[in-house]
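# Got a predicted structure here, sequence first:
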Amino acid sequence: MWTCPKCSAKLVTRNLSHSCVKQTVRGFFAGKPPGGVRHARAFIAAARELGPITLHPVKTRIALMVEVRFAAINRITEDGIRGHLWLKERHETDRFRIEPLGRDFLYHFELGDRRPLDAELRRFLAMSYAIGCREHIKRKR
């Protein structure tokens, strides 16, 4: 792990692209709609059920990480959140909008009153959490 000398962000490699904006979790949630914050906290709690995580808030999003960032909450609305999960493989699903990212994929999701935290989102969150732990790298060794 490398620590940015400007913002103390912990990154997997030296000089990895990131925002040096300093933000707290409390500051990130300040002024956001309570309904969306409730869903954001439920999503974070579901990730914590998988194991330890670190929250990395910046101005526009809050990332979830173990050794690397594996998920993010990108938007908080009145009644939910929008976010994404990082996966290394493409899986057939109607729950997510899939965005190719080089050899990887971002799985964009909505979570809220109309799209609850269901078993499918939890399953994909677990797969993404394993990437946060860099299990795909450890398996290759």
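Sure thing, it's come through. Numbering: from 1, shown residues only.
# who's in contact with the residue nearest the centre of the chain?
The chain has Ala71 as the residue nearest its centroid, 1.7 Å off, counting by C-alpha atoms, centre = their mean. By C-beta atoms under 8 Å, 6 or more residues apart in numbering, the contact set of Ala71 is 47, 63-64, 83-86, 125, 128-129, 132. All C-beta atoms are positioned from the backbone trio N, CA, C, and that covers glycine.
# ok so it is a strand residue?
Yes - the assignment for Ala71 is a strand, going by DSSP: H, G, I helix; E, B strand; the rest coil.
# Residue numbering should commence at 73 henceforth.
Okay, using 73 as the starting number, the last item reads as Ala143.
# if I look at it, how far off is Gly184?
To Gly184, Ala143 is 16 Å away according to C-beta to C-beta, to the nearest Å.
# And stretch 118-135, end to end?
For stretch 118-135, the first and last residues are 14 Å from each other (C-alpha to C-alpha, to the nearest Å).
# related to what we said a few turns ago, in strands, which of the contacts of Ala143 fall?
Mapping these onto strands (DSSP state E) picks out 135-136, 155-158.
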